[in-house]
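no sequence for this one, just the structure:
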């Protein structure tokens, strides 16, 4: 007998990130990506790509079919975009991960995030869960971290 809630085993079989899914969904909603292209969204709904300001909707790119190396190249182009001078952001994907963060994760875990790995939904969810873990979500889930502390930690991400 375990303390697993009824249905949790089935949920886990369908979604390996089920325990984090409410927070992941909150981030997707608060970042605004869920009202746009979700896992394929870039900063400003695509307006910071290749030096083109497109009044709210930029060129469509398929991030989920790109490798991590290709995503890095897109993020580098975003940072070189003259219209991005003020924001200086390279946020991509459902969780709006910036190039600095993605590069740091890849450096820490090169075997897990090689340049050839696809930046698909599973990869993005995994990266977001890794970042949540770095900020203490597992300690909070285990009752060893207050909600206030978790929220402060997450706000720094």
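Arrived safely, thanks for sending. In this text, all values refer to a predicted model and were calculated from it rather than measured experimentally. Residues are numbered from 1 along each chain as shown.

Which residues does stretch 23-35 contact?
Stretch 23-35 is contacted from outside by 17, 38-39, 41, 45, 93-96, 125, 128-129, 132, 137, using C-beta atoms under 8 Å, 6 or more residues apart in numbering. Where C-beta positions appear, they are placed from N, C-alpha and C, glycine not excepted.

And what about the residue nearest the centre of the chain, helix, strand or coil?
Nearest to the mean C-alpha position of the chain, by C-alpha atoms, centre = their mean, lies residue 95 at 3.0 Å. For residue 95, the assignment made with DSSP: H, G, I helix; E, B strand; the rest coil gives coil.

Repeat that for residue 86.
With three-state DSSP as the basis, residue 86 sits in coil.

and it, how many neighbours does it have?
6 (other C-beta atoms under 10 Å).

among the contacts of stretch 23-35, which one has the lowest pLDDT?
Among these, residue 45 carries the lowest pLDDT, at 73.

Quick check: what element follows the helix or strand where residue 70 lies along the chain?
Per DSSP states H and E: residue 70 is located in helix 68-80. Scanning forward in sequence from helix 68-80 by DSSP H and E, the next helix or strand is helix 99-108.
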